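> Prediction below, plus the sequence it came from.
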Amino acid sequence: MSKDTFLAQIVTVKSMNISVNHRPSARSYAVLSIGAAVMTIALKFGAYSLTGSVGLLSDAFESIVNLVAAIGAFWALSYAAKPPDEKHSFGHSKAEYFSSALEGFLILVAAGSIAVAAVDRFFHPQPIEQAGLGLVLALLATAINGGVSWILLQASRQLRSITLRADAYHLLTDVWTSVGVVLGIGLVSVTGWFVLDPIVALLVAANIVWTGCKLLGETGFGLLDGAIPDDEQKAIALIMSEYKTQGIQFHALRTRVAGSRSFVSFHVLVPGAWTVQRGHDVCEIIEQAIALALPGTNVTTHLEPSEDPISWNDEKLN
């Protein structure tokens, strides 16, 4: 890769940064999630008050979790956006995991509350009243959650935000939960089997537990400095392969994910006869190539002479 190509890449990176700065911030999407949660809470509790369905009550409880989680997401995204400082030289992006951990915990609490209410209703079944109007309100809330979850999922991919992704999948789970509750109420209205209402609520609780455990697992993976995804590692390997034909070698590749940011470091081994300037230029070109392929990634390289045996002492991870 020539120096002119390298300079062209830098211009491309700068133009990409300008376009990124004009995108809506992750926090604006969190505000959208908060607004949607408030609306769906009102609709679902209205549906519950009309029908008396414990299934709709369980759905409304989950929307309360959505609201608390959205508020937590807004705080986490605000804190994660702070620039690096003396005490946090790698930035504050890991703050996003506080939001996903809080959301996972609250999901489990909501599931427990739903299960308690459902068991009581199972042994003391009650008829469902005004099912038609209640279902209309529930379906309206479901449509709102479905639209917002789609928007958040698209934004999470563009902004590489685990907080928005977690919120999107949670809302999407809420959508399927609401669909299940609506079907349960419909079956009760058709069959007259009141016991189907608490059974659906218990199934909802089980689904919520699965979602909560999954979110907590993803949070733990991030807090333990999990490696970047396999497809991104393959992209790095492809870039490196272009330079191995020039006598350049690599080792000690280390990667980790911290919220919306990724960190990559590795050693670059070049012929010892090269000048420092030439080796430095190659490292800069490779770093920019990876930054182009993986936006939001901080790349650090360490230059070493390939002929020196000491250079190979840290080939493997310690």
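Received it, and whenever you're ready, just let me know what you need. Everything quoted here is computed from the prediction, not taken from an experiment.

> so where's the stretch 101-250 of the chain uncertain?
For the stretch 101-250 of the chain, applying pLDDT under 70 flags the ranges 121, 125-131.

> so where do the helices sit in it?
Along the stretch 101-250 of the chain, the segments classed as helices by DSSP state H, counting those that start in this stretch run 131-159, 162-191, 196-223, 230-244.

> what angle do the first one and helix 162-191 make?
Read that as helix 131-159. Orientation of helix 131-159 against helix 162-191 (axes from the mean of the first three to the mean of the last three CA atoms, to 10 degrees) gives an angle of 160 degrees.

> Also the last one?
What separates the directions of helix 230-244 and helix 162-191 is an angle of 150 degrees, with the same axes, to 10 degrees.

> List the contacts of helix 230-244.
With CB atoms under 8 Å, 6 or more residues apart in numbering as the test, helix 230-244 has contacts from 1, 227, 250, 253, 255, 262, 264, 282, 286, 289-290, 293-294. In short, each C-beta sits where N, CA and C put it, glycine included.

> Where is pLDDT lowest across these?
Checking pLDDT across the contacts of helix 230-244, the minimum falls on M1 at 46.

> Okay, domains of this structure per the record?
With automatic domain parsing as the criterion, the domains of the chain are listed as 22-223, 230-312.

> Return the most buried member of these.
Comparing those by mean neighbour count (mean count of other CB atoms under 10 Å), domain 22-223 ranks first with a mean of 20.

> The nearest residue to T40 once chain neighbours are set aside: what's it in contact with?
Counting by CB to CB, 6 or more residues apart in numbering, A141 is the residue found nearest to T40 once chain neighbours are left out, at 4.1 Å. Contacts for A141 (CB under 8 Å, 6+ apart) come out as 39-40, 43-44, 47, 59, 63, 178.

> Kindly report the same for V182.
With CB under 8 Å, 6+ apart, V182 has these contacts: 135, 138-139, 142.

> Point out the least confident one among the contacts of A141.
Among these, D59 carries the lowest pLDDT, at 72.

> residues contacting that residue?
Going by CB under 8 Å, 6+ apart, D59 touches 44, 138, 141, 174, 177-178, 181, 204.

> Let's have those residues in CSV, adding distance to V148.
Shown next, in CSV, are those (distance: CB to CB, whole Å):
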residue, distance to V148
K44, 15
A138, 16
A141, 11
D174, 10
T177, 15
S178, 13
V181, 18
V204, 20
